[in-house]
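> how would this look folded up:
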Amino acid sequence: MTFLVLDPTAEKTAPHGAAAPRLDTLKGKTIGFISNGKEGTKGFFAHLERMLIEQHGVAKVVMRTKSNYSAPADAHIVAEIKEWDAAISGIGD
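Residues are numbered from 1 along each chain as shown. As a prediction, this is how the structure comes out:
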């Protein structure tokens with residue numbers, strides 16, 4: 001008996017990038033949330049928003065939801081990210 005083994009790895013190596021520098025504080029910052037649009041993110045993100053504002057002094061939380069939960073973020077969301085100090089992406093199954 002012969003077995004055919006398929007290798008699912010990509011033929012090209014993904015480009016390496018540098019991690020974004022850490023924020024020294026969250027106080028006064030704008031934090032963006034990108035939701036996949038599933039029900040589980042709503043309550044979690046709302047709770048996290050309250051914690052960030054009340055306990056860490058975050059000035060503003062921006063909530064955005066992707067139009068397709070299994071695709072990358074929409075172009076208008078990606079364009080907006082540069083206005084945020086940090087971004088959190090969440091999956092809510």
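
> CA atoms for contacts and neighbours, from now on please.
Noted.

> elements contacting the helix or strand of the chain with the lowest mean pLDDT?
Least confident element among the helices and strands of the chain, by mean pLDDT, DSSP states H and E: strand 86-90 (a mean of 92). Contacts defined by 3 or more CA pairs under 8 Å, 6 or more residues apart in numbering; DSSP states H and E place strand 86-90 against strand 30-35.

> Name every strand pairing with the strand it packs on and say which way it goes.
Take DSSP bridges as the rule and strand 30-35 pairs in its sheet with strand 60-65 (parallel), strand 86-90 (parallel).

> The first one: which residues count as buried?
By neighbour count with 16 or more other CA atoms under 10 Å, strand 60-65 contains the buried residues K60, V61, M63, R64, T65.

> Among the strands paired with strand 30-35, single out whichever gets nearest to A46.
strand 60-65 (9.4 Å; CA to CA).

> what element comes up after that closest one heading to the C-terminus?
helix 75-80 (DSSP states H and E).

> any idea how far E49 lies from F3?
52 Å (CA to CA, to the nearest Å).

> Please apply the same query to H47.
Counting by CA to CA, the gap from H47 to F3 is 51 Å.

> Check K12 too.
Counting by CA to CA - K12 and F3 are separated by 25 Å.

> circling back: tell me which of the strands paired with strand 30-35 approaches T25 most closely.
Of these, the one closest to T25 (CA to CA) turns out to be strand 86-90, at 11.0 Å.

> What residues of that closest one count as buried?
Buried-residue list, strand 86-90, by 16+ other CA under 10 Å: A86, A87, G90.

> contacting residues around the first one?
This means A86. Contacts for A86 (CA atoms under 8 Å, 6 or more residues apart in numbering) come out as T30, I31, G32.

> what bridges to the first one?
Spelled out, it's T30. For T30, the beta-bridge partners are K60 (DSSP bridges).
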